[in-house]
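Asker: Need coordinates for the following:
(chains A, B, C and D)
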There are 2 protein chains.
Amino acid sequence: MTVKYSRQRQLIYNFLMNRKDHPTADVVYQNVRQEYPNISLGTVYRNLTLLADRGEILRLQVGDGADHFDADTSRHCHFVCSECGSVTDMRIACIDEILAKARQGFEGRIERQSTCFYGLCEKCLDKTSKNRE
Amino acid sequence: MTVKYSRQRQLIYNFLMNRKDHPTADVVYQNVRQEYPNISLGTVYRNLTLLADRGEILRLQVGDGADHFDADTSRHCHFVCSECGSVTDMRIACIDEILAKARQGFEGRIERQSTCFYGLCEKCLDKTSKNRE
DNA sequence: CACAAAACTAGGAATCATTACTGTTTATAT
DNA sequence: ATATAAACAGTAATGATTCCTAGTTTTGTG
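Answerer: Reported below is the predicted structural model:
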């Protein structure tokens, strides 16, 4: 199946490229709609899935029910704040090492890895400590 | 809110304790129903959530739409086969080190971590190589 | 033991994210 | 220019999960 150009897909991808937070399909929809008002939610889902299947973007599951998308496909981890729900990138030095260690003695084939940290982000940590005073 | 004993919750927890695969809520429901026929799916969901919130079991998201549950709360990773969907435990040596590395220079508070590897399990790898012959 | 309060339940309705369907439009190779 | 495969909008359908309500069970206390 050859992929054809579409204005809608281009807008979706451009939008994702310019965001560092990792928006859900609905957030993508609400934003792309500003510029292209009659795009449909189904189109957003279909294109996000297409892009993810082709490895051009990442699909993340952070535990809040909705999938999140990331145009940065370089190997990295994520941090999710349990308070505000924000999803941020995290780079840890030993990430390649983890994959190597996991492959040692494993009988199947490991293709990719996904690591997510959970806790309180700096902002939310500050807020809760202020409330305690 | 004090937790009261319930037969249903006991059965759910016992069932999970005896499984090494990481069943979904519906699988738990179908199985516990054999022994306790009029348990409701809502009760299964409520108790899985209660147990997970109290840290007695883990809730996993492996990318197949449904949440999976694991009675083994010790720190470990998971492997998900993209072919058959099986979810298995994986122990890698440097897992504590990863958490330590992640905390270095991070301004928030990291409480827990979730790592999942994706690829082909041994069985599915064997099958696909046989098909090629 | 009894009995009240708080948890818990079954069953079904409601919600939310996502996918499937259908008739129409668009991109692109010839 | 035209044929054809992809993509689209809009809407219906699905599937996982949560919510709601009236009734039941657990458990602490007299």
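Asker: Please count neighbours and contacts with C-alpha atoms only from this point.
Answerer: OK.
Asker: hmm, the helix or strand of chain A with the lowest mean pLDDT touching chain B?
Answerer: Among the helices and strands of chain A, helix A:122-132 carries the lowest confidence by mean pLDDT, DSSP states H and E, at a mean of 81. Yes - contact of helix A:122-132 with chain B (Cα under 8 Å from any Cα of the partner chain) involves A:122-123, A:125.
Asker: Can you tell me the number of residues neighbouring the closest residue to A:Glu122 other than its chain neighbours?
Answerer: Ranked by Cα to Cα, 6 or more residues apart in numbering or on different chains and with sequence neighbours excluded, the top spatial neighbour of A:Glu122 is B:Gly108, at 4.0 Å. Neighbour count of B:Gly108, defined by other Cα atoms under 10 Å in any protein chain shown: 18.
Asker: pretty sure B:Gly108 is touching A:Lys127, no?
Answerer: No - here B:Gly108 does not reach A:Lys127: they are 11.5 Å apart, not a contact under Cα atoms under 8 Å.
Asker: List buried residues within the residues of helix A:122-132 next to chain B.
Answerer: Buried members of the residues of helix A:122-132 next to chain B, counted by 16 or more other Cα atoms under 10 Å in any protein chain shown: A:Leu125.
Asker: Including distance to DNA strand C, could the residues of helix A:122-132 next to chain B go into CSV?
Answerer: As requested, the residues of helix A:122-132 next to chain B are exported to CSV (distance: Cα to the nearest atom of the strand, whole Å):
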residue, distance to DNA strand C
A:Glu122, 25
A:Lys123, 24
A:Leu125, 25
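Asker: So which bits of chain A are right by DNA strand D?
Answerer: By Cα under 7 Å from any atom of the strand, the part of chain A that sits against DNA strand D consists of A:1-9, A:38-43, A:46-47.
Asker: The longest strand anywhere in chain A: how far from the chain's middle?
Answerer: For chain A, the longest strand by residue count, based on DSSP state E, is strand A:109-120. Relative to its chain's centre, strand A:109-120 lies at 12 Å (Cα atoms, centre = their mean, to the nearest Å).
Asker: Then stretch A:97-109?
Answerer: Taking mean C-alpha positions (Cα atoms, centre = their mean), stretch A:97-109 and its chain are 24 Å apart.
Asker: Tell me what A:Cys116 is bridged to.
Answerer: A:His78, B:Ser114 (DSSP bridges).
Asker: residues near it, how many?
Answerer: For A:Cys116, using other Cα under 10 Å, the count is 22.
Asker: And for the one 10 residues further on?
Answerer: A:Asp126 sits with 12 neighbouring residues when counted by other Cα under 10 Å.
Asker: Quickly note the distance from it to B:Glu35.
Answerer: Going from A:Asp126 to B:Glu35 by Cα to Cα, to the nearest Å gives 49 Å.
Asker: so where's chain A uncertain?
Answerer: Under the criterion pLDDT under 70, the flagged ranges of chain A are A:130-133.
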